[in-house]
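Colleague: give me the fold of what follows.
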Amino acid sequence: MKRNIFLREYDAMHPIYCHYTRRNNVNYFGQKSMAKKRHIKWDFTFYEWIEWWVNTGHFHERGVKNNQYQMCRYNDVGDYSITNVYCDTGSNNKKKQLNKKSCIFLNVEYKSISDAIKASGLSRPEFYRKHIHGVNNE
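Modeller: Now for the predicted structure:
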């Protein structure tokens, strides 16, 4: 089901439309493309993405650096969708991932995801494709 981002009447004075720039369009498609490369479903239209960022209050502080705000998924699982994302700094998001102390893989608990990858005999990208994102190209 395709959503039309122009369902609402265009109002040049609406605060959302000032963010309809080429740079933001590039940023949107860059984030969408990166999610696709990581085999993560993307469920934001450009309008929803802009609206979500504006509503966080950190629109002009977003970016890929540790001190900048990012769109993060709860527990780093699931789709990028309006109900499964929150806004936080890159460093806080990384800390949350590092605090995950164990990993269960094939009913065996490992101290870390790195240990599970070593036990699987797969490379990190192969492991993520097959076991984290559920993509199997065989």
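Colleague: by contact count, what packs against the longest helix along the chain?
Modeller: Criterion DSSP state H: the longest helix present in the chain is helix 22-37. In terms of contacts (3 or more C-beta pairs under 8 Å, 6 or more residues apart in numbering; DSSP states H and E), helix 22-37 is packed against helix 46-56. Every C-beta, even on glycine, is put in place using the N, C-alpha and C of the backbone.
Colleague: burial count for the closest residue to residue 25 other than its chain neighbours?
Modeller: The spatially closest residue to residue 25, leaving aside those adjacent along the chain, is residue 46, at 6.8 Å (C-beta to C-beta, 6 or more residues apart in numbering). Close neighbours of residue 46, defined as other C-beta atoms under 10 Å, add up to 15.
Colleague: which is the succeeding secondary structure element to the lowest-mean-pLDDT helix or strand in the chain?
Modeller: None of the helices or strands of the chain scores lower by mean pLDDT, DSSP states H and E than strand 103-105, at a mean of 67. Proceeding C-terminally, strand 103-105 gives way to strand 108-110 as the next helix or strand, assigned by DSSP states H and E.
Colleague: now that next one: buried residues?
Modeller: Residues of strand 108-110 classed as buried by neighbour count (16 or more other C-beta atoms under 10 Å): residue 110.
Colleague: and the next helix or strand after that strand, what does it pack against?
Modeller: Remark: after strand 108-110, the chain's next helix or strand is helix 113-120, criterion DSSP H and E. Counting contacts by 3+ C-beta pairs under 8 Å, 6+ apart, helix 113-120 packs against strand 103-105, strand 108-110, helix 124-127.
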